[in-house]
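**Student:** 3D, please:
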Amino acid sequence: MNDISSSKEFYEVLVKNIHSEVKKMGLLTGNIRYGEVHEVISANKLTVFVDGSPISQEMKCNPDVMFLTGDRVWVHMINGDSKNKFVFSRIGGNTLRDSKSGASLNRPSKAPIGYMYFDTTLSKPIWYTGSKWVNSEGTAV
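**Tutor:** Below you'll find the predicted structure:
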């Protein structure tokens, strides 16, 4: 593998490889639409208002992105099919999950159910239940 001298170069190589793989999977054909997350159902399913519609639609999403209610997102109509939608990233923000580690005070205030966070204050992983953070025994932390 070539020596990558900067994080910008690494990012560019990563984006190029991802683009190539997504293209091979046939996901680059179709239409891209604007959306706003109405509800996070799970790490891989959302309801989204598409193109300003007042009615939200349920669709699959990229599990490697932590979506939050109100996020502006890109909605891909796979192969141009308006019934086959996929949300692949937020608009203008990080496309990878937000920090999954940090101090107790820096825990995400909104996280999907089951979201894991390594709490550096506690020196252990914790999980979000939808209403509280718990350790591996289920005790609130």
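
**Student:** name the nearest residue to Pro125, sequence neighbours excluded.
**Tutor:** Leaving aside its chain neighbours, Pro125 sits nearest to Phe118 (5.1 Å; criterion: C-beta to C-beta, 6 or more residues apart in numbering). Where C-beta positions appear, they are placed from N, C-alpha and C, glycine not excepted.

**Student:** state the pLDDT value of the one you found.
**Tutor:** If you check Phe118, the pLDDT there is 85.

**Student:** send the alpha carbons of the strand or helix carrying it over as CSV?
**Tutor:** Secondary structure assignment for Phe118, by DSSP states H and E: strand 116-119. Extracted in CSV, the C-alpha atoms of strand 116-119 (Å, rounded to 0.1, in the frame of the first residue of the first chain):
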residue,chain,number,x,y,z
MET,A,116,-22.6,2.5,22.5
TYR,A,117,-20.3,5.2,24.0
PHE,A,118,-17.0,4.6,25.7
ASP,A,119,-17.1,6.8,28.8
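
**Student:** what are the pairing partners of that strand, and which direction each?
**Tutor:** Each strand paired with strand 116-119, and its direction, by DSSP bridges: strand 101-102 (parallel), strand 124-128 (antiparallel).

**Student:** the last one: how far from the chain's middle?
**Tutor:** This means strand 124-128. 18 Å (C-alpha atoms, centre = their mean, to the nearest Å).

**Student:** buried residues in it?
**Tutor:** 126-128 (16 or more other C-beta atoms under 10 Å).

**Student:** the residue nearest to Pro125 bridge partners, please.
**Tutor:** Counting by DSSP bridges, Phe118 is bridged to Ser101, Pro125.
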